[in-house]
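K.L.:
Predicted coordinates and the sequence they were generated for:
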Amino acid sequence: MAGCSSTKYIEPYQSIVKKVKIDSIDPAFEEEAYNYIQKDIRPTSKLGINVLLYNMFNTKDGRYKTSNVKPLGSPPPILDSAIVDISRSQIEKYLMSKGYFNAKVKSNIKVKDQKAEVTFVANTGPDFKISEFTFQIPDSAVKQLYLSQRDLFTRIKKGMRFDDDSLSFERDKIYQLMKENGYFDFAKPYVRFLVDSNTNASKAKVTLLIDNPLDKSHHSKYKIGETNIIIAPNSDGYPDSVTLNKRIFKGIRYTDLSKKFRRNPVVRYNFLREGEQYDIRNENITFDRLYELNVFKNVKIDYQKAKDSTLKVSPFVQLIPQKIMSNRVEGEVPFNGGTVGFNLSNTYTNNNFFRGTERFEFQIKGGLQSRVGQGGSIFSDIYQRDFSVSASLTVPRLMMPYFSKYVTGKGGMPHTIFSSSYVFALQKDFFSRRVFLNSLTYEFIETKSKLHSVTPINFEYRFGSLLFNDKDTSQYIQDLLKNNKYTIDLLKRKSITLGIKYVYSLNADKLLTGNDFIYFRGNMDIAGNMLYAFSKLAGVEMAPRQEIYGKLLGVQFNQYVRPEVDIRWYKGLGLDKQFVARLNLGVGYAYGNSIDMPFEKQFFAGGSSGVRAWQARTLGPGAYNRGIAIPSEEQRRTLYGLDQLGDMHMEANLEYRFKLVNKFFGGKLKGAVFLDMGNVWNLRKKINDSTKVVDVNTDVGDETVFRIKNLAKQIAIGTGMGFRYDVQYFVFRFDVGLKLKDPQFKGSDQWVISKFLGGGKKFREDYDKLNTPDRYRFVQYNFGIGMPF
């Protein structure tokens, strides 16, 4: 369709390139060789969306525009024989670089109905093997260094096919090796290769040369001299003349023209230390850490050689500060099929709070959520209100005795984070809940890909209150209390949590690369063990099943363990294509002084980053069916989003991502298709009806409890597709999820996709009648910012 729509806009003598192929080369080289074909003659994708968009906005009077061209989509590939010849030559050179020294490439062009097919036919000839690899290194110290490290990085082996990339890799590694071992003046042009090919035998002799500097018999090693760190007076840069600080302490002259930064927090991350051998790695680490302080908009490191004959270089670290304070107001409209909300927040940030590059943040946030689709205005059924205020102080070092000396910051910037927050949540006509959170967290980076976060102090105080009189004798209130005893007790309970947390993540730095890797994130939340031990030593009686609890400050303390893991496999498929497989597992187990997990520590299923065919908090637990479990419409309305939580969470996702439009309103439009499955479960029977006694030998309440034998029946499955609008710094996401299997139903009725394909009208009517005000939605819409995982 795109091809046909494009030919009518071109001149009669022109043609659209519909197909390009490369014949007669090793399949291992086909994809890379294709990259040497000029983009102007590469065919568009089969869907042709880029060309269709270009045609819509850049045609006039039956021809393509030559001026005022809008950057939407891509123009069709118009045949150009000169560009074809350039591509042919580039493919030929590529094959020669891969060891096919006698390679010849011809191009054939076929045109029919203004549609062209271009074929590049290669005659590669034999591949040349490296028969001998020698080296000429006149500097004995350089020679010894190279030979001692060569086996750790070289890709050049005797008998291998000649490959120019392997030679380039060797040159880069030699340059890096020299710069890491004191050779400040070393440059890549000192490394050369001589290739002597014997055409008859298809052999190549390769000689490595590392030349000496002109007029010198060897390469010189340098040591670090005095280091100057100079901070500009403001973000505009340096004045015409600068007076340096006269005082030098531990080999560092620190000059702060802005008078805003204390010395130690800055010089702590200078790794260019006097007397040490020059090492380019220390320069790169210094550059990275000073940028990561987040107070300098420009970091520049220059060197000055000593004026005498001593082999020293003195670093000059030049820092230009950025604006320290900022205030950000953000609005958000969270929207899912069935609900719409509004959040507004104001965040004040100071990146140099105590003149030591400490980051202070203070945020106030409020929001509301409303059900839609029930008639009336968009906010006529506001069921939830939220408010929070929080403050945090992030110090760019580990404020920890003894241990801090082992975390120098070479692997990455460490942080100590003090945080405190107050959260208020209100559910219409039902309850309000308040939470105070206070924590001390240490974050440090083992390597670029391995991150650790340890929270040795995590203090949380929770208390809730009912928004109705539980002494009211009206039938509705009594039914609400009787049928929802467990949920109500959990919501109004006062409790204290004192515990520790640990988080480990692997390869988080690769999430946006499109490469092949495995991502792992594991966290452990443990609470109450220390308080439980002290209570036992003090002889405090604790029998939680008889509602006799150990207490702190007169309030029950929680005791639980809550591990969670997120494992993902990312597979790059080239040309902006990627496949992602994900497994997310979590469980919360209360013990000792607790019977149940705190309300905020429970898991939920569904949502824009979970099983996307369900709205958040509307799936599970297990085979739970609201219409059956909660017979009253008013109670279902009151308990919306509260009764579908669980102690255990299991979720798996498969997603294929691809590019749709390269130029789309200043960004890229990408697509995705996905398959999600998962649910939440309880670990024990939880009966809301206060008139019923929990008997572990019966099936009452068993539909929400995790049982291996019921796993296949209670897994929800959804599929769908989505769009990602990528504007470099943000990704706006829209996903449409379709339910395939819904575990709240029995037997074959779980496969709701058959109802959907059959129209589903009667099915929805029967469901809505039993579950009002809830309505059954086969399709769920999700909006979000950023990738789902």
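P.N.:
Structure's in. What do you need?
K.L.:
The lowest-mean-pLDDT helix or strand in the chain: what's the following helix or strand?
P.N.:
Across the helices and strands of the chain, the lowest-confidence element by mean pLDDT, DSSP states H and E is helix 2-7, at a mean of 58. For helix 2-7, the following helix or strand on the C-terminal side (DSSP states H and E) is strand 16-23.
K.L.:
list the buried ones in that following strand?
P.N.:
Ile16, Val17, Lys18, Val20, Ile22 (16 or more other CB atoms under 10 Å). From N, CA and C alone the C-beta is placed, and that goes for glycine too.
K.L.:
So in terms of bridging, what pairs with the last one?
P.N.:
Beta-bridge pairing of Ile22, defined through DSSP bridges, involves Phe120.
K.L.:
Let me see the contact set for Asp40.
P.N.:
Asp40 sits next to Pro77, Ile78, Asp80, Ile83 when contact means CB atoms under 8 Å, 6 or more residues apart in numbering.
K.L.:
Spell out the secondary structure type for the residue nearest to Phe599 when sequence neighbours are not counted.
P.N.:
Of all residues not flanking Phe599 in the chain, Leu490 sits nearest, at 5.2 Å (CB to CB, 6 or more residues apart in numbering). Recorded secondary structure, Leu490: helix (DSSP: H, G, I helix; E, B strand; the rest coil).
K.L.:
ditto for Leu398
P.N.:
Relying on three-state DSSP, one would call Leu398 coil.
K.L.:
what about it, how many neighbours?
P.N.:
Close neighbours of Leu398, defined as other CB atoms under 10 Å, add up to 20.
K.L.:
okay but it is in contact with Tyr442, surely?
P.N.:
Yes: counting by CB atoms under 8 Å, Tyr442 is a contact partner of Leu398 at 5.6 Å.
K.L.:
can you give me the strands in the stretch 301-450 of the chain?
P.N.:
For the stretch 301-450 of the chain, applying DSSP state E, counting those that start in this stretch gives strands covering 312-321, 325-332, 335-336, 339-350, 359-371, 382-395, 415-427, 431-447, 450-466.
K.L.:
weakest of those strands in terms of mean pLDDT?
P.N.:
Per-stretch mean pLDDT for the strands of the stretch 301-450 of the chain is lowest at strand 335-336 (a mean of 62).
K.L.:
show me where pLDDT drops low in this protein?
P.N.:
Applying pLDDT under 70 to the chain picks out residues 1-5, 45-48, 199, 335-338, 373-379, 404-406, 483-484, 486, 686-701.
K.L.:
Closest to the centroid, which residue in it?
P.N.:
Centroid-nearest residue in the chain, with CA atoms, centre = their mean: Leu511, separated by 4.7 Å.
K.L.:
Can you tell me the SS state at the residue of the chain most remote from its centre?
P.N.:
Distance from the centre of the chain peaks at Asn200, with 53.9 Å (CA atoms, centre = their mean). Under three-state DSSP, Asn200 falls in the coil class.
K.L.:
Distance-wise, check it relative to Phe133.
P.N.:
20 Å (CB to CB, to the nearest Å).
K.L.:
residue contacts, Phe162?
P.N.:
Lys98, Gly99, Phe101, Asp127, Phe128, Lys129, Ile130, Val195, Ala204, Val206 are the contacts of Phe162 under CB under 8 Å, 6+ apart.
K.L.:
returning to that earlier point: just the buried residues of strand 16-23 now: which is nearest Tyr278?
P.N.:
Ile22 (47.0 Å; CB to CB).
K.L.:
now the closest one: how far from Ala33?
P.N.:
Ile22 sits 6 Å away from Ala33, going by CB to CB.
K.L.:
Can you check which residues contact both of these two?
P.N.:
Ile91.
K.L.:
which strand residues sit across from Phe732 in the sheet?
P.N.:
If you apply DSSP bridges, the partners that Phe732 bridges to are Tyr725, Ile785.
K.L.:
so who does the residue nearest to Lys93 when sequence neighbours are not counted touch?
P.N.:
Nearest residue to Lys93, sequence neighbours excluded (CB to CB, 6+ apart): Tyr36, at 7.9 Å. Contacts for Tyr36 (CB under 8 Å, 6+ apart) come out as Ser87, Gln90, Ile91, Lys93, Tyr94.
K.L.:
Report the secondary structure state of Tyr36.
P.N.:
coil.
K.L.:
and the strand or helix carrying Asn284, what other elements does it pack with?
P.N.:
Element membership of Asn284 [criterion: DSSP H and E] is helix 280-292. When contacts are defined as 3 or more CB pairs under 8 Å, 6 or more residues apart in numbering; DSSP states H and E, helix 280-292 packs onto strand 296-305, strand 312-321.
K.L.:
What strands flank the first one, and is each parallel or antiparallel?
P.N.:
Based on DSSP bridges, the pairing partners of strand 296-305 within the sheet are strand 312-321 (antiparallel).
K.L.:
Please save the CA atoms from the strand it pairs with in PDB.
P.N.:
C-alpha atoms of strand 312-321 as PDB (Å, rounded to 0.1, in the frame of the first residue of the first chain):
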ATOM      1  CA  LYS A 312      55.400  14.700  36.400                       C
ATOM      2  CA  VAL A 313      52.000  16.000  35.300                       C
ATOM      3  CA  SER A 314      49.900  18.300  37.400                       C
ATOM      4  CA  PRO A 315      46.100  17.900  37.000                       C
ATOM      5  CA  PHE A 316      43.900  21.000  36.800                       C
ATOM      6  CA  VAL A 317      40.300  20.000  37.600                       C
ATOM      7  CA  GLN A 318      38.000  22.800  36.500                       C
ATOM      8  CA  LEU A 319      34.400  22.800  37.900                       C
ATOM      9  CA  ILE A 320      31.600  25.100  36.800                       C
ATOM     10  CA  PRO A 321      28.700  25.000  39.300                       C
END
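K.L.:
Report the angle between that strand and helix 280-292.
P.N.:
20 degrees (axes from the mean of the first three to the mean of the last three CA atoms, to 10 degrees).
K.L.:
for the stretch 51-200 of the chain, what spans make up the helices?
P.N.:
81-97, 140-149, 164-179 (DSSP state H, counting those that start in this stretch).
K.L.:
With that, I have no additional questions.
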